[in-house]
Each structure stands twice: as C-alpha cells, then as structure tokens.
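Engineer: Okay, structure incoming, though there's no sequence with it:
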C-alpha cells in the first residue's frame, strides 16, 4: 500500500508530469534561446517540478531561479507557480516547515488572482503535507476546504483526487466506514473521466479497507481488479505491490480462527502470490521491496513448518537488508575505479615512452638473469613447496567449511532474535523493564517471548533442552507452539497454555521417548484488574514487595516428557503498586566462578536482586551483567543466561 500511496501523491499536485532525463535535458536546452522571459521562467519551474522525484536539491535551485525571474518581470501567476513548485521540492526532502511556508505563499497569490482551481490544488497539497506529520485533523480540514472549490469548477478529476486523499486519512484514523464512502465517490469519478491510473489506486485502497475488516476474499478481489489495470498499462512495479498485498492477505487469513480448516491452503496461496511478486521485483531490480517479500515468505514457511525454506528466505532478507552499498553506490565506485585505472595506465604509458632504449635493454637483461636465478631456486625447493601447499590447501578447506558452518549459525541467530520479544513491544506494555540475555554460543536454548490479546499481556522466559544449535531449534519450536496456543487457539490461561505446548512437543519431538522440552515461566498481566497469573515449570518467579523477596510457587516438572504427567497449576498474584517481578533461567545461578570456582547459586542471585531492586530497571540489568562477569572472570560461560525484570 505504501508504494501506491507515494506514487499517487505525485498525481495530486498541479503540473503533473514524469521526471524523465530526456525531458529535463530538453527543457534545459530550451533555456538557451527562451524568449520572452515568462517562457524561460516557466521552463525553469517545469524543470524544478520534474526534478522533485530524482534530485530535489537541484530542483530547489531551479525553482528559486524561476521564481526570481517571475518576480523580476512581475508575472504573478508565475510567482504562484514558483512557490508551489518550490514547496513540492521541499516536501520531497521532508522539509515540511519550508514546504508549508511556500505553499501558503502560493495560496495567497492564487487567492488574490481568483484562480479557483489553483487554490483548490494548493489547499490539497497543504493537506498532503500534514498527512505524513500525522496531523490528520488539519489534513482533513484542508481537503474539505478544497472540495467545494473543485466541485464548483466542475473538475471531476480534482474532486476525485480529494475524495481519494480523504479516504487515506480516514483509513489512518481508523474511520473505515467514512474511508469506504470517500473511496466509492472517488472510484465513480475516476471511472467517469477514464483515469485508469487513479482508479487502480482507489481499488487498492478499498482492498486494504476490506483487509482491515478481515473480509479477505473481497480484499483479494479488489487487488485483482487493480492488477487487471496494471497489466493493461504495463505497470509491473505496482502489479508487484498488489501481488505482495494478496500474499499478505492470505497469510493473515491463515492466522484467523475461522479459516483453520483451510489454513494450509491459504498459506500455499500466499506463498504463490509472493513468489509472483518476487519474480517481478527481481526483474525490476527493486531490492528494497524484494527484501520485504522474502521476509513474508519466511514467515509463511515457518507457519507451514518448512523451516529450511524459511531459513533460506530469511537469509535472503537479511542479505538484502544488510547490504553496505546500494546498486547506485556500487556503480559509482566502479566508475571511480575505472577512471583511476585509466589515469594510472595513461601515466605509465607516458613514462614508458620517455625511457631510453638502452635503459629498457639493461632492464630486460637484469630481469632475465633474475628469472634464471628464481628458476634454479624453484627447482631446488619444488618438492618441499608442494608439500607445504598440500598442507596449506587442506587447512584452507577445513577453515572454509568451519566458516560456512559459522555463517549458517549466524543466520540462524538472526532468525532467533527476530522471534524474541522486540524491545519496543515490551516497552509498550512494560514501560519499566529490562532483559539480560547472554547466550553461551551464537544461538541460544534460552528465549524470552511476549504477545498480547485484548487487555492481557503475556511474557515467557524459558530454558530449552540443551544450548547452542540443538537448543535453538527447541526454542524455535517452543515459540511456535506458544504462539499457536495463545494467538490461534485463543487459550488464555497460562497453565492451559503450558498443557497445550507440552502436548504439542510430545507429539512432535518426543515420539521415541526423548525428554526434550523446556523449563520456564509464563506470566499473564491483567493491569485492568490488577492481577498477575502464571504457570511455572521447574523455575519459580521472584516477587520483590516492600523490599522483601518472595520466591513464588512452581510445578516441579518440565514442559515436555517428565515423570510427573499431571496438569500444570494456575497461580494468581494480586498486584500492588511498585511490585517488581523477576523471571530467570538457571544459567546465571549455575555459572562457576568466584575464589573457589563454585556455582553462583540461586540464593545468591535472589540476594543480589534484593540489593539492587531499588535501582532503575535498566541499571539493574547492567549491575547483573557486571556481577556475572566479575564472578566468572576468565572461566568459560557454562550455559545460556536470561533474566527479565519488570515493575508494576
């Protein structure tokens, strides 16, 4: 939807045109003999307007030149156009303050001249400046001011553009019914004036409306209508955007409970449309949006259980996202390198031409004798050299294979970190919190995960069987099953969530008796009713209230195969102001160190937490990290470490 938005914003400004290099060059050439000055000023402003999408800094220079010329000859209409064009270039640079200032000057001029259509256009442009600033009230005010003026001029296209803009704002504000009314009016008018470009824009916006309403079949239907238009116009870029949207709709359908019976079918359809978008984006070399398609494909493959494909797509996403140079930058570097090579080569040619013939002969003779000596040395040590080369080659192969393994594990680490609870999401529900996460290896068996439903927030801190790559695989499965329990099966109680996840783990990975699973804590925070419920498997949460440590209850069994097969219990805590909770795995307490090389022990960790609990949460994370490093000193870290704390 974002690309549709950017593209069609350009259609909402006067003097519409496509900034092509040959058109700009032609206009620049026409400046040489342009007469009278009004034509020259107009050409300067046309160049400026076309530059806004490719080089707004240069566009500002041309706009200022055109504006100055229009001012010097007293051409008021040109001055209005000049300020409008200058504002569009400032807007392209996201310099909204200067853009608004210039638009206001253009508005005053056009109002004085009585140019109603230009007044309506500038009012619409001002509204479109307030939109990225998320000042939606002002944006709507300016669109509504422009609407009756455009209607009085009988300009159906401008009227339709205003309705389309209003629909975008209503969508952003969550006023979906008003958005749909505006979209329908815009669609009707664009069809009347046979404006296929803008018709496809509205169809795409209407698709997003239906998607928000979770009417995915209609959303897909409207995107397909837009694709028909893109095909007729040969617009591959926006066709790929609609294909990507359809893929996303199918994936969203798969997440909805009412589509459970056809979940796999939805996911496969989503993958099919995303792959179609991928092919076009590769052809267009649009790597910025291609990376988003790879990210969506990775998510879909995870839901399908195709973890190898998910990893491959995620690797492509990371590879594109983390590229140091853009294609343009690489081309620039290549040009500079070629230029330098030519300069060096030319310089060498000049030097060679200046050398005397006798000097060249002496040089060649010297080189000849040097080669003879080197040849004898090479023959003498040939066997020894071959032996060393063989050893070196074998070493290189081993190092290469090791590096491939490390690179693969690093990619796996990025996937794992993407599935962990994001800092911004945690801050939204737990403004005062910290997470100390220190894996033993590149990837971790420990994990922390969070989600929310209605008025409830869930946080899990868990320790999977093993660490490193095996532990990471277990954490991936466990996160997947936790997400399935809460967000798909709509299980709300932590104890029932653990029961469900245990059943899934036993079915999937413990068919032959393996005792794989995790120890951990899942808390559910209900701020409205000031209650915290939780389930605890072998790990117990810590509550600090009134500067007293309370080690809460837990069940002595894992989430997985164990001796105890009874259901997990649900524990409840009535919350009080300034309550602090700490969830941790056994990695910190099991760390060897200190003067005697012994374990840190959980009682010492609880004592340390009590000592530092009055400090700000983020500072507590630093103090825990320092204490851990001071304890282990030069000893190896024995296990993954994960500690989370939050204040109610």
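Structural biologist: Received, thanks. Since the model is a prediction, treat every value here as computed from it, not as a measurement. Numbers count the residues shown, from 1 in each chain.
Engineer: in the protein, which ranges drop under the pLDDT threshold?
Structural biologist: Applying pLDDT under 70 to the chain flags residues 1-36, 321-413, 415-416, 466-468, 510-514.
Engineer: All the strands of it, residue numbers only.
Structural biologist: 433-438, 446-453, 456-464, 517-526, 531-537, 542-545, 548-551, 559-560, 571-574, 580-584, 592-593, 598-599, 641-647 (DSSP state E).
Engineer: Minimum distance to residue 259: which of these has it?
Structural biologist: Smallest distance to residue 259 across the strands of the chain (CB to CB): 18.0 Å, for strand 446-453. For every residue, glycine as well, the C-beta is placed using N, CA and C.
Engineer: so how far is the closest one from its chain's centroid?
Structural biologist: On the basis of CA atoms, centre = their mean, to the nearest Å, strand 446-453 sits 19 Å off its chain's mean C-alpha point.
Engineer: Likewise for stretch 546-561?
Structural biologist: Per CA atoms, centre = their mean, the centroid offset for stretch 546-561 relative to its chain is 37 Å.
Engineer: And for stretch 102-117?
Structural biologist: 40 Å.
Engineer: Tell me which residues of that stretch come out buried.
Structural biologist: By 16 or more other CB atoms under 10 Å, the buried positions in stretch 102-117 come out as 102-103, 105-107, 109-110, 115, 117.
Engineer: Next, the contact list for the spatially most central residue of the chain, please.
Structural biologist: For the chain, the residue sitting closest to the mean C-alpha position, by CA atoms, centre = their mean, is residue 292 at 7.4 Å. The contact partners of residue 292, by CB atoms under 8 Å, 6 or more residues apart in numbering, come to 244, 317.
Engineer: ok, back up a step: show me which of the buried residues of stretch 102-117 is closest to residue 277.
Structural biologist: Nearest member of the buried residues of stretch 102-117 to residue 277, counting by CB to CB, is residue 103, at 35.9 Å.
Engineer: From residue 42, how far off is that closest one?
Structural biologist: Remark: distance between residue 103 and residue 42 (CB to CB, to the nearest Å) = 19 Å.
Engineer: now residue 52
Structural biologist: Residue 52 is 16 Å from residue 42, by CB to CB.
Engineer: next one: residue 596
Structural biologist: Residue 596 is 87 Å from residue 42, by CB to CB.
Engineer: of those two, who's got more company?
Structural biologist: residue 42 (21 against 6; other CB atoms under 10 Å).
Engineer: For stretch 62-74, report the contacting residues that lie outside it.
Structural biologist: 37-38, 40-45, 47-49, 51, 78-79, 81-83, 85-86, 89.
Engineer: In it, which residues are buried?
Structural biologist: Under the neighbour-count criterion of 16+ other CB under 10 Å, stretch 62-74 has 62-67, 69-70 buried.
Engineer: With distance to residue 548 added, can I get these in JSON lines?
Structural biologist: As requested, these are arranged in JSON lines below (distance: CB to CB, whole Å):
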{"residue": "62", "distance to residue 548": "72"}
{"residue": "63", "distance to residue 548": "69"}
{"residue": "64", "distance to residue 548": "69"}
{"residue": "65", "distance to residue 548": "74"}
{"residue": "66", "distance to residue 548": "74"}
{"residue": "67", "distance to residue 548": "72"}
{"residue": "69", "distance to residue 548": "79"}
{"residue": "70", "distance to residue 548": "77"}
